[in-house]
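# A predicted structure for the sequence below; I have some questions about it.
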Amino acid sequence: KFDIQTHGYVQSFHVIVEDVNCENILHHEYFSLKSSASEDDHTLVFSVPVLEPLSFFSTVSKNKEYFSRQEIEGAENAREMQGRVGWPSDHQFKEALSGKGQAFVNANITPDDVTRAEAIYGGPAEPLLIGKMTRKKGQTFVPQKRIPLPAPLLEHHKSDILDIDFFYSDNAPYLLIRTRKILFLALLTFNIRRKNANGKVTYSRPTKDVIEAVNRVIAIHKDRGFEIEYVFGDNEFEKLEGKIDAALQTCAAGEHNPYIEREIRVVKERQRCYWDGSPFKQVPKLVIDENLVDIVKWLNHYIRKNGISKNMSPGTIVRGNGPVDMGTLKASFLDYCIVYRTTTNDKTPRAARAIALRPSNNQGGYYFMSLKTGKRIHGFQWTKLAITQEVIDRVHELAEQQHAEYLDEEGYPKLDIIPGGNMSLES
């Protein structure tokens, strides 16, 4: 309590804010408390510098920065002892360490060590999840109905033009397709790998795959009542002449389609947002493929500034997509998860270690990359954990097996309009 005889009419304080390791002073200021306001609440507002870039990725190494060396050792010992005493749940383990039931004696760990282990590793121990995970009763979803097109919209925007071009992410080719007025996007990935004479992995771009992709987009628009007048691309698409369900127009030699190039830059900007702060230096192509598919999906979800409607997104106009239930979006790109697979009575693991890729549907399903096989798996139930160095090493190992390109110095995929080597359409 403020005492004038002891403190005078004004008591001064030095306010010092340090980082969690008490190694850096982030802020300090001089504060004076007057006797007349000693019973009032006071709020100090200040900003502190961010010494390192913020990351949305939870890694064990980052989480350890918030604890002392002694606390980290206690958490690691707790995880090790939890396995030695039969893998009880965290709750059971903490109760036993607290002296309840048939307690432990001579334990060099405490319930707080178990709690800190959960914070550092992002959740329960992996063996608990893999061994004990059971299927939960799924939620029943009602299929969404397609949103109809307003008649005036179709009446005034009956036809459109399809712009197409290739771009390259880590030297792997992708075909981006966009309607010029509606601004609906579609993406085609290529996964036929081969090695050139120098041992470098390249990807072929079969003409038949390009034709099928372009015709699919034309058919989707036709199904909603839109007509594609012609397809516009640079001169490397001349082989499509007479093989697609619309007329073809190409740029002059050495020129590129400016409409689609702007859209490729938008995709690149979005891609960098996903990868900011990623702990990986190299990833399998599957990860980049699924990321780009997700980017295109969400670009179609939003109303575009220069589109044909101020109330409907390209995805709604072309596909009839309705609202997205945000309650189903429970994983983020590159999250490390233990994914439920199956419950059997044998020794088959009930769950798989995996990296989250993207939502697979509007009912809460997700695609993941299995850390065992490197292949895409599907899951409805999972537990997210912090990314360990073992996980990072395994992702790098899978990428190395595919001779995947390294990400750039900032950890972003290298996305370019022109590839590192010359690639042409194959017959």
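All right, it came through fine.

# Give me the below-cutoff pLDDT ranges for the stretch 301-427 of the chain.
Residue ranges of the stretch 301-427 of the chain with pLDDT under 70: 343-349, 418-427.

# Which parts of it are helices?
Taking DSSP state H, counting those that start in this stretch as the test, the helices found in the stretch 301-427 of the chain are 314-319, 389-401.

# next one: the stretch 101-250 of the chain
111-121, 126-132, 151-156, 207-223.

# Just say which of those is most tucked in.
Of all the helices of the stretch 101-250 of the chain, helix 111-121 has the most neighbours on average by mean count of other C-beta atoms under 10 Å, namely a mean of 19. Yep, even glycine has a C-beta here, placed from its N, CA and C like the rest.

# For that one, what is the distance to the chain centroid?
What separates the centre of helix 111-121 from the centre of its chain is 26 Å, taken as C-alpha atoms, centre = their mean, to the nearest Å.

# got a list of contacts for it?
Helix 111-121 is contacted from outside by 60, 63-64, 66-67, 71-72, 74-79, 82, 90, 93-94, 97-98, 124-125, 385-386, 388, using C-beta atoms under 8 Å, 6 or more residues apart in numbering.

# likewise stretch 264-275?
Against stretch 264-275 from outside (C-beta under 8 Å, 6+ apart): 165, 167, 169, 176, 291-292, 294-296, 298-299, 333-334, 407, 411-413, 415, 417.

# Among those residues, name the ones in strands.
With DSSP state E as the criterion, strands contain Asp165, Phe167, Ser169, Leu176, Leu415 from among these.

# shouldn't the second one be in contact with Tyr174?
What that stands for is Phe167. Yes: between Phe167 and Tyr174 there is a contact under C-beta atoms under 8 Å: 5.6 Å.

# before we move on, back to that, kindly compare burial across the helices of the stretch 301-427 of the chain and name the winner.
The stretch of the helices of the stretch 301-427 of the chain with the highest mean neighbour count (mean count of other C-beta under 10 Å) is helix 314-319, at a mean of 23.

# re earlier: among the contacts of helix 111-121, name the buried ones.
For the contacts of helix 111-121, a burial check counting by 16 or more other C-beta atoms under 10 Å picks out 60, 63-64, 67, 71-72, 74-76, 78-79, 82, 90, 93-94, 97, 124-125, 385-386, 388.

# Among those residues, which ones are in helices?
Assigned to helices by DSSP state H, the following of the buried ones among the contacts of helix 111-121 qualify: 60, 63-64, 71-72, 74-76, 78-79, 82, 90, 93-94, 97.

# Out of the residues you listed, which is nearest to Lys285?
Lys285 has its nearest neighbour among these in Val60, at 26.2 Å by C-beta to C-beta.

# Give me the below-cutoff pLDDT ranges for the stretch 51-200 of the chain.
Using pLDDT under 70, the flagged stretches of the stretch 51-200 of the chain are 51-56, 133-135, 137-143.

# centroid residue for this protein?
By C-alpha atoms, centre = their mean, the mean C-alpha position of the chain lies nearest to Phe333, the distance being 1.6 Å.

# so who does it touch?
Phe333 neighbours (C-beta under 8 Å, 6+ apart): Tyr274, Asn291, Asp294, Ala356, Leu357, Arg358.

# If we use 7 Å, what do you get?
Counting by C-beta atoms under 7 Å, 6 or more residues apart in numbering, Phe333 touches Tyr274, Asn291, Ala356, Leu357, Arg358.

# export the residues you listed to TSV and tack on distance to Phe184 and neighbour count?
Converted to TSV, the contacts of Phe333 look like this (distance: C-beta to C-beta, whole Å; neighbours: other C-beta atoms under 10 Å):
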residue	distance to Phe184	neighbour count
Tyr274	21	18
Asn291	20	21
Ala356	26	22
Leu357	23	23
Arg358	19	19
